Structure formats: structure tokens, C-alpha cells
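Engineer: I need the structure of the sequence given here:
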Amino acid sequence: MARELHPAENRGYRELYAYARALADHWTSLASRSGAGSPAAVTLEKGAAAALDLFRELEPQTARYGLHARPAAKSAGRGIAAMRRGRNPFLERGQGLRFAVEDAQHVTTLLAYLAAVAESRSDTELAEFCRGWERKFKRHESAARKAAVQQGAEPDAAVEPLHSGPAGRAAHGLGYALGTFGEWVDSQAARRRGP
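Structural biologist: Below you'll find the predicted structure:
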């Protein structure tokens, strides 16, 4: 007989399934564009593998409560990752890494939230599961942040298009042109306002 989850957990775990899957797909894509064997690529690959492990280990945990992840939650995660990959051609390498940190922050925060909800209903087993994964993901979040910050030590590489093919260069050029136009608009507005 399935135990009961609080509705906040039910929605939260479905969100966790989706975002863990999205992180795995998105970070795998970013790793493939970060230079094979580079510190950033290795960090992203390890985080993606951990997200897949979380997804797999979470399934039996929530199944005990009658909550399952396939196919809807898994598909939602792939959809989220596809949207994120869709913006990647417009990004520079450094921007891609900084956005990756947000992926990990979301998963880490969600795990902490779900642990707190489990604790509120005295489910120590599920709370411990979430706290353990929260600690693991804090390490991946920290590693991703470090890789993003280290990218600043190589500013020329940081501003290279994330996608190096013709479409990526075109998208990056469009983004650069829009940014340049925005800077011009802001400088004109500042000039009109005066000192």
C-alpha cells in the first residue's frame, strides 16, 4: 500500500524529476561544446551523470508513495532541456557555464525544500535521501560555479560562441549586434538625461 505524500511533495518531486533530467541533457550538450577534456567539460559531464543517478535512485523512493516519473516527468525534463539548448546558439562559452550554475542551483534548492517537507511530516527516510542528494548537488553546483568563474581568466575564450558552426556564429553575431544596439540606446538616453 502506497504511503501518502503531501501535495507539495507530489508536485515538488515531479519538478525534481523534470529538472534532474533537464540538467543531465543540458549539461551533456554544454560539455560537448566546452572542449573535450577541459575542466569545464569534465565538470559538466560529472554533474550530468549525477543528475541521471539522482533520477534513477529517486524512482523507487517515490514509487513507494505511488508517484512515478515515466513517461510524463521524464518527457517534461527533455522539453526543458530542449528549450535551454535552443538559446545556446546565442550564447558565449562563459554565458553557457553561468547558466549551467542556475540548473544546479535549482536542483539543490528543490532537494532542500523536499527534505524540509518530508521532515514536516516526520518522514526521516525520505528527508535523509533528499539531504544526501542535496549535499552531492552542492558539490556539483560549486564545481560548475568554479568553472564559470575560471572562464573569466581566459576572456577571449569566454566570449567565443558556444556553437562554433555557421549557425552558431550567425546567432552569436545577431546577439552581439542586439547588445551593441542596446548599449547605444542606453548611452543616448543617459546623454539626454545629462550629468
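
Engineer: And stretch 49-60, how far out from the chain middle?
Structural biologist: Computed by CA atoms, centre = their mean, to the nearest Å, the chain-centroid distance of stretch 49-60 equals 15 Å.

Engineer: The nearest residue to Glu92 once chain neighbours are set aside - how many residues pack around it?
Structural biologist: Sequence neighbours aside, Val159 is the residue nearest to Glu92 in space, at 4.8 Å (criterion: CB to CB, 6 or more residues apart in numbering). All C-beta atoms are positioned from the backbone trio N, CA, C, and that covers glycine. Per other CB atoms under 10 Å, the neighbour tally for Val159 reads 14.

Engineer: what does Ala153 give?
Structural biologist: For Ala153, using other CB under 10 Å, the count is 8.

Engineer: swap in Lys138?
Structural biologist: So Lys138, with other CB under 10 Å, has 16 neighbours.

Engineer: Over to the closest residue to it other than its chain neighbours. Which of the three states is it?
Structural biologist: Once flanking residues are discounted, Lys138 sits nearest to Thr108: 5.5 Å by CB to CB, 6+ apart. Three-state call for Thr108 (DSSP: H, G, I helix; E, B strand; the rest coil): helix.

Engineer: What distance do you get for the residue nearest to Glu92 to Lys146?
Structural biologist: According to CB to CB, to the nearest Å, Val159 and Lys146 sit 19 Å apart.

Engineer: One more: Leu23?
Structural biologist: Counting by CB to CB, the gap from Leu23 to Lys146 is 17 Å.

Engineer: Same question for Ala69.
Structural biologist: Look at Ala69 and Lys146: by CB to CB, they are 30 Å apart.

Engineer: Of these two, give the one with the bigger neighbour count.
Structural biologist: Legend: neighbour count by other CB under 10 Å for Ala69 and Lys146, higher for Ala69 (23 against 15).

Engineer: mind checking how far the more buried one is from Tyr19?
Structural biologist: Look at Ala69 and Tyr19: by CB to CB, they are 12 Å apart.

Engineer: Show me this protein divided up by domain.
Structural biologist: Residue ranges for the domains of the chain, per automatic domain parsing: 7-162, 165-195.
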